[in-house]
Every structure is written in structure tokens, then in C-alpha cells.
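Student: Next come a sequence and a model predicted from it.
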Amino acid sequence: MMYVVLALSWNIISGFTGYTSFGHVAFYGVGAYTCAILVADYRWPWLATLLAAAVVAAVMAVAVGYPVLRLKGPYFAIAMLGTAEGTRVIATVADPLTHGGLGISLPSAETSLPTYYAMLALMVVTVAVAYAVGHSRIGIRLSAIREDEGAAEALGIDSTRYKLAAFTLSAVFPAVAGGIQAYKILYIDPPSVFFVQITIAMALMSMLGGKGTVIGPIVGAVLLYTVQELSWVNFPTAHLIAYGLFIIVVARFMPRGLVGFAIDRGWVRKGMVH
Amino acid sequence: MGDVALDVRDLRKAFGGVHAVDGCSFAVPRGRISGLIGPNGSGKTTTFNLLTGVVRPDAGQVLYGSTDLAGLKPHQIFRLGITRTFQLTRVFREMTVLENMLSVVGLGVPDRAARARAEELLALVNLTTLRGEYGGRLSYGQQKLLEFARALMTDPELILLDEPAAGVNRTLLQHLLDHIHRLQERGKTILIVEHDMSVIMNHCERVFVMDAGVTIAEGLPAEIRRDARVIDAYFGRRRQA
């Protein structure tokens, strides 16, 4: 469920708008930290911290996005990677606030059921928002920026505003997911919540399913997670090899993802609006 | 000359030491088809980019009514009712024809009306059956028509066409020109940058000639054809006999 949220969020900025982010874990980590600090040190109520995580991530997205979204292609990707790594380092050294490398232990709950429902609710909201964006003129305009930013501007699209909005939207959901996850695992430290692998998973799931579509990242997240678990259970020693092989096979035969593959075969109609 | 749609005054732009546009002035008459010509490297395309906000001018004014377009961003200029097409088509390749049409901002109409308008324009350029196809899968000529139709989504007042004849066969070109004349009959202003002299000479009512970043002549097509400065610019100065 968490990965559906992450993949869908990443897809809003990277799939639609085409600005491939290699640092989206930054928002996930910041969300996790916001919640952990507010609960452990300030005794905030649980749900309020999730809201705070969303707000903090949104503010950060605007602050980071405003300069960074001027960069294109690989430069944007690298700037985002730097953002994530930089945030991790800050979390490590800002001792009084984040407890540094020691990490934060959260007060334990009696049951993890609330986190399950919270994640479920978040997923429903993310899917709804992704669908609303994807199948509207906003989604079309974001795609237009991906296809040809100059031409998009010549057609009246204020690309700076649209990109920033997409970026902010794509930051909020991972932050809340990070917060919920923090309650689930009850202990966070910089390496675990600013883990590069999480960004890679977001990107991989989106691309595997078919980026720039709404259903693609959902399919990708469910499939990749399942394959990951299955390979881990069935080939305990070689599970990463099996997992890698699966990704290679899909990338080789379906370069546009599963949904892209279906579109090219004529099984699914092209475009989001008919 | 009557009513002026776009008044360009002493426009200048230098890229490093190259003065691409170096004091360009002309007035585009409202409700007419005008042409902007000049040899390669004379600054036509830069002028076009200055008019549409892609490039910011170093000096000069572009008056559209009482608004100075100089320094505005492309999307702001577009929303004032000025639209353009590109020399090489720039359709959105991995979006459907219909999505290409609907991407345009500033229609000021609800989604349903936008759909109806898109369908109407697609019918006009005979692309209705291809509405669900990706833009990138169309032929070059079809992309050109799509770009043209897309530019008309907002019913703009001023239409700037960058080399509409480039890479287009005669039949299609005639088609495009018919559309352009129909727009003019509805009171729209059109400015064409073009290499194809027959397009300029047969379809424009007023022609501006640029050379080395400066407007060197303007007038009726017949006058331009005989203008010594224009002949010099295109063919080099005649040696004194």
C-alpha cells in the first residue's frame, strides 16, 4: 500500500511532467522525522503530526522546487539526489532536533491496526487525487510540459506554476506515508528513512507499470512488491538475482511499461481523455 | 495605413557580440495578412521569438494595443490573444491529437465547450478520425495541420506563422492558405515569416523586409519586388557597370 502511494506520487512530477526525481525519498524521510519528533519530544496527537508532515513537505517542496525545477533532464535528477542526501546529512548532524545518528524511538502502540487504516486511507486519497489530476486538463498540461516545454508555454501554459504545483503535490503524500511508516516501525534513524532504495523503488514501480498513466504506477507497485516478496521466499539466497532478472525482462520487452505495452497493442486506448 | 494590430518599435537583441536584431521597426496592419521576409540570418526568427516572449529584447517596444509585450513571458503573451506556430512542428508526440488540442490554456470555457471546439477545429483540418492517435504518429503534414488547429483553439486575434510552407506539399499548402484567408475574412490579423516567395507575393497585403537585423523596406508585394534595396539584400549589390 505504501508503495502504491509512493509510486503514484512520484509519477505526478516525473511521469506526467517528465522531471525525473532521484530524490523523492527526501520527502518521505522529512515526513517520518516530522512525525517522530512531534510525537516523541512534543507529545503531539498522532493524526495531527501527519498533517504537520504534509505541511512541512509542502513548504520544503516549494522551497526546493522553485530553484531546482529550472533545471532540466539529468541536472534535475542529480539536484534531487543531492537534496535527498543533503537532507539525510542534516538529519544526522542536527542533533538537538533529530537526535542525530542515534535515531528516534517512538512511544509504542498496542496495535498496529491504526497505521494500517491510516495507510489505506492515504492510498485511497492518493489514487483519487492522481486520477483527478491525470484525467483532467491539468494532467494534459503537465504532459504537454513533458513533451515540449517551449511549445507548452507558447500555448499559454505557465510552466513554472504547473511544475511547482505538481512537485508539491508529489511531495505531500510520500511525507504522510513516511510518517505513518514511522509509527509502524517505531524507530527511525537517518539511513533508514533517507534510503536511496526507496526512491529507486518509486521510480521503478512507476516505469514498470507505465509512467504518465494513473493505473501504471498502481500495477507496477503491486507487481514489483509481489515479485520481491515471492523471490525472497522462494530463492532466499538468490532473491536479488531473480528480482533483477524480472526487471530486465520487463524493461527489455515492454520499454514503455505494462500499460504502455497494452496501449501499443491496442488493448487500451491511447491518452487520458477520450 | 489605418489600424495597427502590432507596432514594433526599434527592437534590439544581441547574443554576445552578434546583433541579431538591431533596430527593427514595423507596424502590422489589423485584419490583414502581412509577411516578414529576409535572407538567411537576417533576424526574422529572432524577431518572431522577441514578439512571442521566447527571447527578451534588450531594447525597444512591441505595442499590442496599449500593452508593451517586451519582457512578458510566452504564456502571458498568448493569453492576450496572440498565438504562433513553429517552423518545425512542435506537436506533443506522446499525447493524442485530442489531448494536443485540449492542452491549450485560457479558453475561458468549461471542459465540454472546449471539447466541442476541439472537435470542430479537427473537422476543419480533416483530422477527426485521428483524434485518438498519438501526435507523433501523424505525418509531417498532418502535424502541421494539428499545430495550426491547436493554435486556433482560443480564437486568437493575432496569428504568427513561422514558415507555414516549409516541408509542406502544394495541395496541403493550398489548404492551409485557404484557412488563413478565411481567418482574415473574420477580421483576424496574420503575420507570416516565410522563405517561399510565392506565398508572400500572392497572399500578403503588406511585406516587411529584414536584412542584418534591420527592417530595410516595406510595402505592397509588387513594390517590394522592384525595390533595389531588397534585390541587393537577396542577390548582393550589383557591380557598377
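Tutor: Noted; the coordinates are in hand. Residues are numbered from 1 along each chain as shown, chains lettered A, B, ... in the order given.
Student: tell me which parts of chain A are close to chain B?
Tutor: Near chain B, the residues belonging to chain A are A:137, A:140-141, A:143-144, A:146-148, A:150-159, A:212, A:269-274 when assessed by CB under 8 Å from any CB of the partner chain. Placement of C-beta: from N, CA and C, glycine included.
Student: For ChimeraX, write a command that selects the buried ones of the residues you listed.
Tutor: To isolate the buried ones among those in ChimeraX, judged by 16 or more other CB atoms under 10 Å in any protein chain shown, type:
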select /A:137,140,141,143,144,146,147,148,151,152,153,154,155,156,157,158,159,212,270,271,272,273
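Student: Sort out for me which of the residues of chain A next to chain B are in helices.
Tutor: Among these, the members falling in helices are A:137, A:140-141, A:143-144, A:146-147, A:150-154, A:159 (criterion: DSSP state H).
Student: how about the residues you listed, which pair is most distant?
Tutor: Farthest-apart pair in these is A:137 and A:150; separation 19.5 Å (CB to CB).
Student: what ranges do the helices span in chain B?
Tutor: Under DSSP H, chain B gives helices at B:44-51, B:74-79, B:97-102, B:111-124, B:140-151, B:170-185, B:197-203, B:221-226, B:228-235.
Student: Report all helices and strands that the last one contacts.
Tutor: Applying 3 or more CB pairs under 8 Å, 6 or more residues apart in numbering or on different chains; DSSP states H and E, one finds that helix B:228-235 makes contact with strand B:206-211, strand B:214-219.
Student: Show me where chain B dips below the pLDDT cut-off.
Tutor: B:1-2, B:106-110, B:237-241 (pLDDT under 70).
Student: Show me what from it comes close to chain A.
Tutor: Contact residues, chain B versus chain A (CB under 8 Å from any CB): B:52, B:54, B:73-75, B:78-79, B:83-84, B:86, B:90-96, B:98-100, B:102-106, B:111, B:114, B:132-135, B:150-151, B:153-154.
Student: let's see it at 7 Å
Tutor: Within reach of chain A by CB under 7 Å from any CB of the partner chain, chain B has these residues: B:52, B:54, B:74-75, B:78-79, B:84, B:86, B:90, B:92-96, B:98-99, B:102-106, B:111, B:132-134, B:150.
Student: was I right about residue A:166 contacting residue A:12?
Tutor: Yes: applying CB atoms under 7 Å, one finds residue A:166 in contact with residue A:12, separated by 5.3 Å.
Student: can you list the domain ranges for chain B.
Tutor: According to automatic domain parsing, chain B is divided into the following domains: B:1-79+B:158-165+B:189-241, B:82-155.
Student: Quick one, which of these gets closest to residue A:188.
Tutor: Closest of the domains of chain B to residue A:188 is domain B:82-155, at 39.1 Å (criterion: CB to CB).
Student: and the closest one, how far from the chain's centre?
Tutor: Distance of domain B:82-155 from its chain centroid, counting by CA atoms, centre = their mean, to the nearest Å, is 17 Å.
Student: mind checking the end-to-end distance for it?
Tutor: Distance between the two ends of domain B:82-155: 9 Å, counting by CA to CA, to the nearest Å.
Student: what's near enough to touch residue 157?
Tutor: All of this is about chain A. Neighbouring residues of residue A:157 by CB atoms under 7 Å, 6 or more residues apart in numbering or on different chains: A:141, A:144-145, B:75, B:105.
Student: wait, chain B
Tutor: Going by CB under 7 Å, 6+ apart, residue B:157 touches B:81, B:188-189.
Student: burial of the nearest residue to residue B:63 once chain neighbours are set aside, as a residue count?
Tutor: Nearest non-adjacent residue to residue B:63, counting by CB to CB, 6 or more residues apart in numbering or on different chains: residue B:7, 4.1 Å away. For residue B:7, the tally of surrounding residues (other CB atoms under 10 Å in any protein chain shown) stands at 15.
Student: before we move on, what about residue B:79?
Tutor: For residue B:79, the tally of surrounding residues (other CB under 10 Å) stands at 17.
Student: now do the one 5 residues further on
Tutor: Residues lying near residue B:84 (other CB under 10 Å) number 26.
Student: right, and it touches residue B:52 too?
Tutor: Yes: with contact defined as CB under 7 Å, residue B:84 counts as touching residue B:52 (5.1 Å).
Student: shared neighbours of the two, which are they?
Tutor: A:154, B:160.
Student: Return the set of buried residues in stretch B:173-188.
Tutor: In stretch B:173-188, counting by 16+ other CB under 10 Å, buried: B:173, B:175-177, B:179-180, B:183-184, B:188.
Student: mind listing what residue A:39 touches?
Tutor: Taking CB under 7 Å, 6+ apart as the contact definition, residue A:39 lies against A:46, A:49, A:106-107.
Student: okay if I get the buried residues of stretch B:173-188 as a markdown table plus distance to residue A:97?
Tutor: Below are the buried residues of stretch B:173-188 laid out as a markdown table (distance: CB to CB, whole Å):
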| residue | distance to residue A:97 |
| --- | --- |
| B:173 | 67 |
| B:175 | 67 |
| B:176 | 64 |
| B:177 | 68 |
| B:179 | 64 |
| B:180 | 64 |
| B:183 | 62 |
| B:184 | 66 |
| B:188 | 61 |
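Student: Follow the chain on from the helix or strand where residue A:34 lies and name the next helix or strand.
Tutor: Here residue A:34 sits within helix A:25-40, counting by DSSP states H and E. Past helix A:25-40, further along toward the C-terminus, the next helix or strand under DSSP H and E is helix A:46-68.
Student: Output the contacting helices and strands for that next one.
Tutor: helix A:25-40, helix A:73-93, helix A:159-185 (3 or more CB pairs under 7 Å, 6 or more residues apart in numbering or on different chains; DSSP states H and E).
Student: Low-confidence stretches in the stretch 151-274 of chain A?
Tutor: The stretch 151-274 of chain A contains residues with pLDDT under 70 at A:274.
Student: Now do the strands for it: every range, in order, please.
Tutor: Under the criterion DSSP state E, counting those that start in this stretch, the stretch 151-274 of chain A contains strands at A:187-188.
Student: Please report the distance of the nearest residue to residue A:259 once chain neighbours are set aside from residue A:132.
Tutor: Leaving aside its chain neighbours, residue A:259 sits nearest to residue A:210 (3.0 Å; criterion: CB to CB, 6+ apart). From residue A:210 across to residue A:132, the span is 19 Å (CB to CB, to the nearest Å).
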